[in-house]
Each structure stands twice: as C-alpha cells, then as structure tokens.
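Asker: The following comprises the amino acid sequence and a computationally predicted model.
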Amino acid sequence: MRLKDKVCVITGSSRGLGEAIARGYAREGAKVVITYCKERERAEKVAADIGAELVLRLDVRDRGSIKEAFRKVADHYGHINVLVNNAGVNRPADFDRQTEEEWQEVMDVNLTGVFRCCQEVLPYITDYGRIINIGSLSGEYGGPRTPSYACAKMALMALTHNLARFLGGRNICVNTLSPGVIEGEFTTKTMSPEVRKTATSLMLIKRFATYDDMVGAAIFLASGESSYMTAQTMSINGGAWVR
C-alpha cells in the first residue's frame with residue numbers, strides 16, 4: 001500500500017492511461033479523484049469499480065473548471081497529495097498539412113492545460129507532494145507525424161524542470177513520465193500496418209506498450225520511494241528512443 005490515504009487527482013482518468021493509473025493508485029491505497037471532460041458515465045463506472053468518492057468534471061482548457069474541481073477536492077479531503085496531468089489530445093498530420101487550428105488545440109490542452117492545472121493546484125498540494133506530467137516519446141523523438149504534439153510534449157519537459165526548481169523548497173517533486181507507443185484505440189485508428197511495422201522495428205522490445213506497462217512507474221513517482229527524484233523525465237518506451 002505505497003500510496004495509502006494519499007489524495008491523488010488524475011486529469012483525464014475516464015479512459016486510457018489515466019484510467020489505468022487510477023486503478024493502479026487505488027490498488028495501492030490512494031484516495032483517487034476521477035476527472036473527466038465529456039465522458040461522465042464512463043468516469044462514474046471507473047470510480048465505482050475502484051471505490052473513488054469523487055468524480056469531477058475538469059476541462060483543462062477552462063481555468064474556471066480547474067479551480068472548481070480542485071476546490072471541491074480540498075473541501076472533501078482538505079488537501080491534495082498528488083496531481084497527475086494526463087489529459088491530452090493529438091492531431092497527427094505531416095508538417096505541411098498541420099493546420100493552425102489543430103496546432104492551437106493541441107498546445108492548449110497538452111501544454112497550457114498543464115500550466116493551468118499546476119498553477120491552480122499550488123494552494124492545495126501539500127509539502128512533500130508530487131506532480132507528474134505525462135509526456136510522450138513523440139516529444140523526445142520529434143514526431144515524426146505529430147508536429148504540434150511533439151512540440152507540446154517537448155515543452156512539457158521544460159515546464160517540468162522549471163516547476164521542479166520553483167517547488168524544490170517545499171520538497172514537492174515534479175517529474176515527467178514519458179510513454180512510448182501504447183497499443184490502444186488511438187493507435188488502432190491512426191497507424192497503418194506499414195507505420196506499425198516501422199515503429200516496431202525501432203524498438204528494442206519488439207511490441208507496443210500496454211497501459212499497464214506505465215502504471216508501475218506512475219506509482220513509483222507518486223510514492224515516497226521517489227523522494228529524491230525531481231525535474232526528471234522517465235522514459236518507458238521499449239528502447240525506441242535512448243537519450
């Protein structure tokens with residue numbers, strides 16, 4: 001029970017990686033707060049499965065929505081121990097076909113949305129707390145077919161570094177968890193067999209990741225075991241990219 005009674009807020013936890021992290025944290029004894037933007041019923045099902053007491057709408061594009069969600073968590077629990085900035089969106093396109101509207105949307109959710117959440121959590125997060133930002137192999141590798149997403153995730157690593165410096169005096173650790181290519185709904189819809197073959201050929205472990213492959217690292221980063229780790233990017237990508 002490495003996260004026993006820790007209040008953990010996970011943005012975008014109604015499905016995908018956020019859901020997997022929520023389930024993993026609950027198994028470790030955390031008081032998980034499920035948040036969603038649109039899929040309320042799905043979020044409520046996840047919450048029921050893991051016994052979460054709070055299911056809140058949180059739209060990272062809307063500072064008012066973030067403020068309200070964090071205030072409700074504080075009203076219920078008194079504080080927040082862990083924030084996982086997982087909510088994200090991707091709009092794949094070759095560089096010359098990426099529209100400005102797509103660029104702005106991806107930046108607003110994946111980078112500015114994290115900036116908003118990190119600012120708004122500061123009054124409620126405890127000393128010795130944790131902020132975990134979800135990055136991506138795309139940000140380390142440079143895409144290739146995700147210019148907006150790659151840039152947002154690369155910038156997120158800089159935001160992590162900056163915030164870790166700002167919060168070091170409070171012993172709040174801020175790190176990025178950077179997943180590789182995860183087998184899921186998005187890859188099924190957007191990756192052709194040829195692209196999948198090329199992607200797999202770059203990996204030392206010849207398969208796409210599962211959501212559960214990321215959960216152990218997410219638990220470690222939220223736990224006391226990572227108390228001397230901050231401003232870092234932890235890459236879980238099957239050896240697809242080695243810095």
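Answerer: Structure's in. What do you need? Residues are numbered from 1 along each chain as shown.

Asker: Name the nearest residue to the most centrally placed residue in the chain, sequence neighbours excluded.
Answerer: By C-alpha atoms, centre = their mean, the chain has its centre lying nearest to residue 86, at 2.3 Å. Excluding the flanking residues, the one nearest residue 86 by C-beta to C-beta, 6 or more residues apart in numbering is residue 18, at 4.1 Å. (Each C-beta comes from the backbone N, C-alpha and C, glycine too.)

Asker: Could you list which residues are in contact with that neighbour?
Answerer: Neighbouring residues of residue 18 by C-beta atoms under 8 Å, 6 or more residues apart in numbering: 10-12, 84, 86-87.

Asker: to the chain's geometric centre, what's the distance from stretch 98-108?
Answerer: Distance of stretch 98-108 from the chain centroid (C-alpha atoms, centre = their mean, to the nearest Å) equals 19 Å.

Asker: List the buried residues of that stretch.
Answerer: Within stretch 98-108, the residues scored as buried using 16 or more other C-beta atoms under 10 Å are 98, 102-103, 105-107.

Asker: In TSV: the contacts of residue 18, plus distance to residue 206, secondary structure and pLDDT.
Answerer: Shown next, in TSV, are the contacts of residue 18 (distance: C-beta to C-beta, whole Å; DSSP: H, G, I helix; E, B strand; the rest coil; pLDDT from 0 to 100):
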residue	distance to residue 206	secondary structure	pLDDT
10	30	strand	99
11	32	coil	98
12	29	coil	98
84	29	strand	99
86	27	coil	98
87	30	coil	98
